[in-house]
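J.: Give me the fold of what follows.
(2 chains, ligands or ions: 4)
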Amino acid sequence: MHPMTPAPYRVRSRRPDRADTVTLALRPVAGLCPSFLPGQFTMIYAPGVGEIPVSISGRARSGGYVQTIRAVGAVSGALCRTRPGDVVGVRGPYGTAWDLPAAEGLDVVVAAGGLGLAPLRPVIRELTAHSSRYGRISVIVGTRTPATLIYPGELARWRDRYGIDVQVTVDHPDRAWKGPVGLVTRLIDRIVFEPRRTFAFVCGPEAMMRASAAELVRRGVAAGRVMLSVERDMKCGVGRCGHCQLGPLLTCLDGPVLSYERAAGLLAVREL
Amino acid sequence: MNAVVTESLEPLIAELCSRGFTVVGPTTRDGAIRFAEISCAAQLPVGRGDEQQPGRYRLTERHDDLVFGFAASPDSAKRYTQPPRQRLFRMREGTVEEAETEAPRIALLGVRACDLAAIAVQDRVFLGGRHPDPAYRKRREAMVLIAVNCAVPGGTCFCVSMGTGPKATAGFDLALTELSDPHRFLIETGSDQGSEIVAAISHRPATGDDVVAAEEVSRVAATRMGRQVDTDGIQERLAGAHDSPRWADVASRCLACTNCTMVCPTCFCTTVEDATDFTGGLAERTEVWDSCFTLDFSEAGGSSVRGSGSARYRQWLTHKFSTWFDQFGMSGCVGCGRCITWCPTGIDVTEELGCIR
Ligand SMILES: Cc1cc2nc3c(=O)[nH]c(=O)nc-3n(C[C@H](O)[C@H](O)[C@H](O)COP(=O)(O)OP(=O)(O)OC[C@H]3O[C@@H](n4cnc5c(N)ncnc54)[C@H](O)[C@@H]3O)c2cc1C
Ligand code: SF4
Ligand code: SF4
Ligand code: FES
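T.: Numbering: from 1, shown residues only, chains lettered A, B, ... in the order given. Ligands and ions are numbered 1, 2, ... in the order given. Here you go, the predicted structure:
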């Protein structure tokens, strides 16, 4: 099979998360859905419109992928408008994974900005499923407004059922908001972790990841123990189109998940 | 060396045709040497030469009967190994039909050493990784490569610096060296298929004199490089040169026309085009050549990553001579000089490399 040929997947369910965001469960029309590692992405093709990379945010009960998509343009918009029963194309999973085994025995900080929570969801599910393997687990989330927060129900469940320290901050509070206001980096002050024995998973807009990773490192977390997921537009996902280059890396093959140790120098170069 | 000599290329071309190959060779067209389908030796550009300088290409009259008296032309093997447009698949009401791979049996006549090196680079990109491309493999396997050892390198050539030429050493089925007085071709074989083809045409064994004469052609060609590059530590030098003021200087001359990437035999970047029929029931996807010189080539979070011309030139040059090693374990440049010749403002990679510290 040509690496650019997608397999047909059917939309099994569609849950609107927020005004512009939906969570789809996708299952192959035929055959089995390949297994994935947390952090990996698929290339999803909206027939006739285009194809975009989307992180896998979980395995569906029906045996397919759960993927959360925000409508920002033509392709993501078309995917968000699909209905159960519709068929899209899916390739993958592709890319590198969050290094969960490396976090075992350590305190864990999960830091998400906006939709960055979607690729971190399988990490948090893994942490909750095997919480005895890790030290203190904290999940900090920054979002534009209370209304743009994705997975609010799950965040509450992770907090209530698994005793994870879950904190959310917003840029712009509404009247009902009683929580913290400001950047997610400020929540780092409010959680408990022992920096020298901590592993961190960070995902969000590049500026958010850069600031969060830098702050964690400043606190004493080793740069090699901070992982982030870099975003570069992708056309192929398999190292043949060149679009996702980040200096020496092809983000689709060498990323998207990288250690801050590896990424810091690259993210510091303007227009790399 | 297992070499033979023929007086004319006519029997070779006829043999290739009779074996079902479409013979593609150099012809003169549009004021340049262009690859085109040929059926006899008379269509080759006998007695034509070229003059190549930064931003300048002219065909010339040679006043001799050399068939291959010119250097790299704007076309390269890339046109056949990785066609400029390829249909990928069609999707119709929930089913996906993969496009039939068109793998015409092409005999490419007149491939230079630098272009063989470029094909090796493309093989690495398309076949060497985790996601090999079966369509590329099929096209490559259907192709016969008949190399020509350069006799008169162009004014923008620097294959000697890149270690890729001017003599073809690997990756060919047959390699020709054109000799004068008397006019003849020394043929080396590089594959079983090449040997079979030679066995089927009239020839005589090469004499010691033929072999010495052929070696002399390649030796002299190596001393006539139009350009050179100091490749010592080039990878590290570029990796550490993000802030060189030279990027802004070259950007002030670069038109971002993408010519350099289109003529480059190793540039492999592509994008995709989507189309639907009027009912919307049929969707079709096509892969087309793309270039890192375009503004929207690299985006993140909805905006261009390399908004400035200097960042885009930096990306291109650094990729060719530095990060290509990180990604594919080899250089992305084979020293063919095409990007220098075909740059409308005469930007010269060899000169830029000398200035970037
Ligand atoms: C590895 C990886 C994983 C990703 N995972 C997810 C995911 O889980 N969920 C998800 O929704 N997206 C994800 N993305 C981002 C997604 O691929 C892009 O949003 C998508 O490519 C946009 O394509 P489009 O054709 O819809 O928009 P385009 O037509 O390309 O863009 C239209 C306009 O939308 C805006 N825009 C585009 N992308 C973004 C963006 N990312 N943020 C803000 N504005 C934007 C810009 O103004 C742009 O001009 C991921 C990207 C990568 C590289
Ligand atoms: S970068 Fe220029 S000289 Fe090098 S292979 Fe490409 S076209 Fe030829
Ligand atoms: S050919 Fe010359 S002007 Fe055109 S993009 Fe390349 S370097 Fe710039
Ligand atoms: S997305 Fe095509 S090379 Fe990475």
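
J.: Counting neighbours, what do you get for residue 149?
T.: Since you didn't name a chain, this refers to chain A. Using other CB atoms under 10 Å in any protein chain shown, residue A:149 is surrounded by 18 other residues. Yep, even glycine has a C-beta here, placed from its N, CA and C like the rest.

J.: Not quite, go with chain B.
T.: Using other CB under 10 Å, the number of residues around residue B:149 comes to 24.

J.: try the one 5 residues further on
T.: Counted with other CB under 10 Å, the neighbours of residue B:154 add up to 26.

J.: In three-state terms, label it for me.
T.: For residue B:154, the secondary-structure state derived from DSSP: H, G, I helix; E, B strand; the rest coil is coil.

J.: Give the next helix or strand downstream of the longest strand anywhere in chain A.
T.: Counting by DSSP state E, the longest strand found in chain A is strand A:7-18. Moving toward the C-terminus from strand A:7-18, the first helix or strand encountered (DSSP states H and E) is strand A:21-28.

J.: Does the longest strand of chain A reach chain B?
T.: Yes. With CB under 8 Å from any CB of the partner chain as the criterion, chain B is reached by strand A:7-18 at A:7, A:8, A:10.

J.: With neighbour count and distance to residue A:257 as extra columns, can I get those in a markdown table?
T.: As requested, the residues of strand A:7-18 next to chain B are exported to a markdown table (neighbours: other CB atoms under 10 Å in any protein chain shown; distance: CB to CB, whole Å):
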| residue | neighbour count | distance to residue A:257 |
| --- | --- | --- |
| A:7 | 19 | 24 |
| A:8 | 18 | 28 |
| A:10 | 19 | 28 |
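
J.: separation between the residue of chain A found nearest ligand 1 and residue A:271?
T.: Distances from chain A to ligand 1, computed as CB to the nearest ligand atom, single out residue A:73 as the nearest residue at 1.9 Å. With distances defined as CB to CB, to the nearest Å, the gap from residue A:73 to residue A:271 amounts to 22 Å.

J.: again, but for residue B:239
T.: 16 Å.

J.: go on, residue B:309?
T.: As it turns out, when the distance is counted by CB to CB, residue B:309 lies 10 Å from residue A:271.

J.: burial count for residue 5?
T.: Defaulting to chain A. Close neighbours of residue A:5, defined as other CB under 10 Å, add up to 19.

J.: meant chain B, my bad for not saying
T.: Residue B:5 sits with 18 neighbouring residues when counted by other CB under 10 Å.

J.: Am I right that it sits in a strand?
T.: Yes. Assessed by three-state DSSP, residue B:5 belongs to a strand.

J.: Who are the contact partners of it?
T.: Taking CB atoms under 8 Å, 6 or more residues apart in numbering or on different chains as the criterion, residue B:5 is in contact with B:184, B:185, B:186, B:187, B:203, B:204, B:205, B:206, B:207, B:210.

J.: hmm, try it at 7 Å
T.: If a contact means CB atoms under 7 Å, 6 or more residues apart in numbering or on different chains, then residue B:5 has B:184, B:185, B:186, B:203, B:204, B:206, B:210 as its contacts.

J.: nearest to residue B:338, of the residues you listed?
T.: residue B:185 (25.2 Å; CB to CB).

J.: Give me the spatial nearest neighbour of residue B:47, chain neighbours excluded.
T.: When the adjacent residues along the chain are set aside, residue B:47 lies closest to residue B:62, with 4.9 Å between them (CB to CB, 6 or more residues apart in numbering or on different chains).

J.: Likewise for residue A:238?
T.: Spatial nearest neighbour of residue A:238, excluding adjacent residues (CB to CB, 6+ apart): residue B:131 at 3.9 Å.

J.: Between residue A:73 and residue A:271, point out the one with more neighbours.
T.: Counted by other CB under 10 Å, residue A:73 and residue A:271 do not tie: residue A:271 has more neighbours, with 16 against 12.

J.: For that one, report the pLDDT, please.
T.: In this prediction, residue A:271 carries a pLDDT score of 90.

J.: now do residue A:1
T.: 88.

J.: Could you give the number of residues near residue B:338?
T.: Using other CB under 10 Å as the criterion, residue B:338 is surrounded by 29 other residues.

J.: tell me the contacts of it?
T.: Under the criterion of CB under 7 Å, 6+ apart, the neighbours of residue B:338 are B:72, B:74, B:263, B:264.

J.: Could you rerun that using 8 Å?
T.: With contacts defined as CB under 8 Å, 6+ apart, the neighbours of residue B:338 are B:72, B:74, B:76, B:156, B:260, B:263, B:264, B:265.

J.: Only the buried subset of those, as a PyMOL command please.
T.: In PyMOL, the members of these classed as buried (16 or more other CB atoms under 10 Å in any protein chain shown) are selected with the following command:
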select buried, chain B and resi 72+74+76+156+260+263+264+265
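
J.: Which of the contacts of residue B:338 sits closest to residue B:196?
T.: The shortest separation between residue B:196 and any of the contacts of residue B:338 is 26.5 Å, and it belongs to residue B:76 (by CB to CB).

J.: With adjacent residues omitted, what lies nearest to the closest one?
T.: Nearest non-adjacent residue to residue B:76, counting by CB to CB, 6+ apart: residue B:265, 3.6 Å away.

J.: State the pLDDT value of residue A:214.
T.: Per-residue confidence for residue A:214 comes out at a pLDDT of 97.

J.: Sorry, wrong one. I was asking about residue B:302.
T.: Looking at residue B:302, its pLDDT stands at 80.

J.: what's the burial count for it?
T.: A total of 9 residues lie near residue B:302 under the criterion other CB under 10 Å.

J.: got it, and the one 3 residues further on?
T.: Burial of residue B:305, expressed as a neighbour count using other CB under 10 Å, amounts to 24.

J.: Now do the helices in the chain.
T.: The chain I'm using is chain A. In chain A, helices defined by DSSP state H lie at A:74-80, A:100-103, A:117-129, A:152-162, A:206-219, A:251-254, A:260-268, listed in chain order.

J.: not what I meant, chain B
T.: Going by DSSP H, chain B shows helices at B:10-18, B:78-81, B:113-127, B:134-141, B:159-162, B:192-199, B:208-222, B:234-239, B:246-251, B:259-263, B:309-318, B:324-328, B:338-341, B:349-355.
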